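*Asks:* Give me the fold of what follows.
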Amino acid sequence: MQRPIAVDGAVLEFDVWEDQSHWWAAASRPGYGIALEARSIDSAGVSLVRVDDLEPYIAGRNQRIPEQREGT
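*Replies:* Prediction:
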């Protein structure tokens, strides 16, 4: 099955595979390919954008890890 997903504002058609708890999607363009794996999110709500500075995302992730471990 194919499904549209926005990539940097342009809509690309992705091949999509699903099971009961996950979905996977793949698309390619000249010079690059994109592969996605997700769960607990509808693919209709996905929009991909280029991120040039990953540091804020990594810092936020690193902060959440100990908080999540305390909750277990």
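
*Asks:* From here on, just use CA atoms for contacts and neighbour counts.
*Replies:* Fine.

*Asks:* can you list contacts of the longest strand seen in the chain?
*Replies:* For the chain, the longest strand by residue count, based on DSSP state E, is strand 10-18. The contact list for strand 10-18 (C-alpha atoms under 8 Å, 6 or more residues apart in numbering) reads 1, 2, 3, 4, 5, 6, 23, 24, 25, 26, 27.

*Asks:* what's the answer for stretch 39-53, then?
*Replies:* Stretch 39-53 is touched from outside by 4, 5, 6, 7, 8, 9, 21, 22, 23, with contacts defined as C-alpha under 8 Å, 6+ apart.

*Asks:* And the pLDDT at the second one?
*Replies:* Residue 5 carries a pLDDT score of 95 in this model.

*Asks:* need the helix or strand of the protein with the lowest average pLDDT.
*Replies:* Here the helix or strand of the chain ranked lowest by mean pLDDT, DSSP states H and E is helix 55-70, holding a mean of 88.

*Asks:* Check the offset of that one from the chain's centre.
*Replies:* Between the mean C-alpha point of helix 55-70 and the mean C-alpha point of its chain there is a distance of 18 Å (C-alpha atoms, centre = their mean, to the nearest Å).

*Asks:* Repeat that for stretch 51-69.
*Replies:* For stretch 51-69, the gap between its own C-alpha mean and the chain's C-alpha mean amounts to 16 Å (C-alpha atoms, centre = their mean).

*Asks:* same question, stretch 44-51
*Replies:* Relative to the mean C-alpha coordinate of its chain, stretch 44-51 is positioned 7 Å out (C-alpha atoms, centre = their mean).

*Asks:* Low-confidence stretches in the protein?
*Replies:* In the predicted model, the chain carries pLDDT under 70 at residues 71-72.

*Asks:* re earlier: from the contacts of strand 10-18, list just the buried residues.
*Replies:* Neighbour-count burial (16 or more other C-alpha atoms under 10 Å) applied to these gives 4, 5, 6, 23, 24, 25, 26, 27.

*Asks:* Between all of the residues you listed, which two are separated the most?
*Replies:* With distance counted by C-alpha to C-alpha, no two of the buried ones among the contacts of strand 10-18 lie farther apart than 6 and 23, which are 16.4 Å apart.
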